[in-house]
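Enquirer: No letters, just coordinates:
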């Protein structure tokens, strides 16, 4: 049964990632293209990216993972996303293992409890296949933080790398402290030593990374971190986003509970395009989140009562992992609201994707503690119904791409420019870097407002009479409608 559960997990992850791996236009923007360019430059020995180009944070883990794949398969969107699909599979298997071995669920129950991540709906699934570092990696880091709780040096290594990659990793460390407080081990000498060792190791990782930072390429080939503006590290970036408006935060929590928490679970109605998925479809239903939210609240009350009856400290021996997962998700949602000052938008839901772990933890704890077989059966049926709806959503998305494939406008533009040997363009950010990557840098773009590769900007500045402008409306003088109704290519200035 364990083997069957593992195979089912791998099949589900492969199924929910298939569209995003096979069709490059399914969910690929310029932020992801920059990661691809970083991997390309690294594989070619042109640059040593340590952080995302143009920033001093967001460790370039995905670029380093993709670079060897590029050497084998070439710099394509599929090669960029293949390591991400593998990370999704590894994370899903680790989650299944935690639910089975640490919570004590049977394989079938563990499989169902993990479904909120394993079979994430199409919108969040697209985010989990994103090559930007705010997708699946934080899930992997927080799971490893739990699994390495008795190995502080390794835990500190994961915390150090994870925090530099994406600061959301810190939610795992906060959650594990909360579990330790609940089981009353937090204030023991042994736990204090482990926590200190973890923090010191993480600090050592940060020190090493900042020591090699001056030798990295901050904004593409031939640059250093001195060419990067903005916050100098993750902590400064976090401080800049801290909200000091209690009224706005309170209003944000009302919006969270009102409907927003349904978005990463595929319950609140929203177009898939709001998740940056190139699709005409929507997900969710008006009644789905109110029903699921009330069921979740009932489950939280029931689990809390069962825990209090058994004793909090005693319950942590069996449900500590489930409480940890729930705490990570809850902290992710709360921190997102505070960081956004209550300004919640579906376009930024990727910053609280870790909330998906909250229903995983709640379901696992409920299934583990619930003494009534009928209640456990009803819960498993409810989760199964949710999973079936998610599977249906993925089937609809696959059908759309097989029968009515959405257009690949950026690919069409890149091919147009390459065929006409147009080397330099100036355009908007969300077009420029996609074209640069899709053309394998046979076309490079100086982007309006925000640039990530300084070299492109310099080339365009040196050759203004060779730089074409690509816009989303007809040119003032001359020009060609390169992609009908979408992109116009305007001639260089005289």
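Expert: The structure has been received and is ready for your questions. What you are looking at is a predicted structure, and each value in this text was computed from that prediction instead of being measured. Numbers count the residues shown, from 1 in each chain.
Enquirer: Tell me the buried residues in the helix or strand where residue 389 lies?
Expert: Residue 389 belongs to helix 373-403 when assigned by DSSP states H and E. Under the neighbour-count criterion of 16 or more other C-beta atoms under 10 Å, helix 373-403 has 376, 379-380, 382-383, 386-387, 389-391, 393-394, 397-398, 400-401 buried. Every residue, glycine included, has its C-beta placed from N, CA and C.
Enquirer: can you list contacts of the helix or strand that that helix is followed by?
Expert: Next helix or strand after helix 373-403 toward the C-terminus (DSSP H and E): helix 409-419. Residues from elsewhere that reach helix 409-419 (C-beta atoms under 8 Å, 6 or more residues apart in numbering): 24-25, 28, 425, 431, 434-435, 438-439, 442-443, 468, 470, 482-483, 486-487, 489.
Enquirer: State the mean pLDDT of helix 409-419.
Expert: Mean pLDDT, helix 409-419: 97.
Enquirer: so is residue 251 in a helix, a strand, or just coil?
Expert: Classification of residue 251 using DSSP: H, G, I helix; E, B strand; the rest coil returns helix.
Enquirer: ranges for the strands of the stretch 201-350 of the chain?
Expert: 270-271, 282-283 (DSSP state E, counting those that start in this stretch).
Enquirer: Residue ranges of each domain in this structure, please.
Expert: 2-403, 409-490 (automatic domain parsing).
Enquirer: excluding its backbone neighbours, what's nearest the spatially most central residue of the chain?
Expert: In the chain, the residue lying closest to the centroid (C-alpha atoms, centre = their mean) is residue 135, at 1.2 Å. Excluding its sequence neighbours, the residue lying closest to residue 135 (C-beta to C-beta, 6 or more residues apart in numbering) is residue 128, at 5.1 Å.
Enquirer: The one you found is in contact with residue 121, isn't it?
Expert: No - look at residue 128 against residue 121 with C-beta atoms under 8 Å: they stay out of range, at 10.4 Å.
Enquirer: Mutual contacts of the two, please.
Expert: By C-beta under 8 Å, 6+ apart, no residue touches both residue 128 and residue 121.
Enquirer: Could you check how far the host helix or strand of residue 87 is from the centre of its chain?
Expert: Residue 87 belongs to helix 77-97 when assigned by DSSP H and E. Remark: helix 77-97 is offset 12 Å from the chain centroid, using C-alpha atoms, centre = their mean, to the nearest Å.
Enquirer: tilt between it and helix 409-419?
Expert: 150 degrees (axes from the mean of the first three to the mean of the last three C-alpha atoms, to 10 degrees).
Enquirer: tell me the mean pLDDT over helix 77-97?
Expert: Here the average pLDDT along helix 77-97 is 97.
Enquirer: Flag every buried residue along that helix.
Expert: Buried residues in helix 77-97 (16+ other C-beta under 10 Å): 77, 79-85, 87-97.
Enquirer: Next: stretch 257-269.
Expert: So, applying 16+ other C-beta under 10 Å, buried residues of stretch 257-269: 259-269.
Enquirer: right, and out of those, which lies closest to residue 15?
Expert: residue 266 (14.9 Å; C-beta to C-beta).
Enquirer: Check the gap between the closest one and residue 319 for me.
Expert: 26 Å (C-beta to C-beta, to the nearest Å).
Enquirer: do the same with residue 385
Expert: 24 Å.
Enquirer: for this structure, what are the low-confidence residue spans?
Expert: 133-134, 230-242, 244 (pLDDT under 70).
Enquirer: try it again with 80
Expert: Applying pLDDT under 80 to the chain picks out residues 1, 133-134, 229-246, 342, 449, 494.
Enquirer: farthest residue from the center of it?
Expert: Max distance from the centre of the chain (C-alpha atoms, centre = their mean): residue 494, 44.6 Å.
Enquirer: mind listing what that one touches?
Expert: By C-beta under 8 Å, 6+ apart, the neighbours of residue 494 are residue 465.
Enquirer: got the end-to-end distance for stretch 305-314?
Expert: Terminal residues of stretch 305-314 are spaced 14 Å apart (C-alpha to C-alpha, to the nearest Å).
Enquirer: in that stretch, what's buried?
Expert: 306-307.
Enquirer: List the contacts of it.
Expert: By C-beta under 8 Å, 6+ apart, stretch 305-314 touches 182-184, 315, 319, 365, 369-371.
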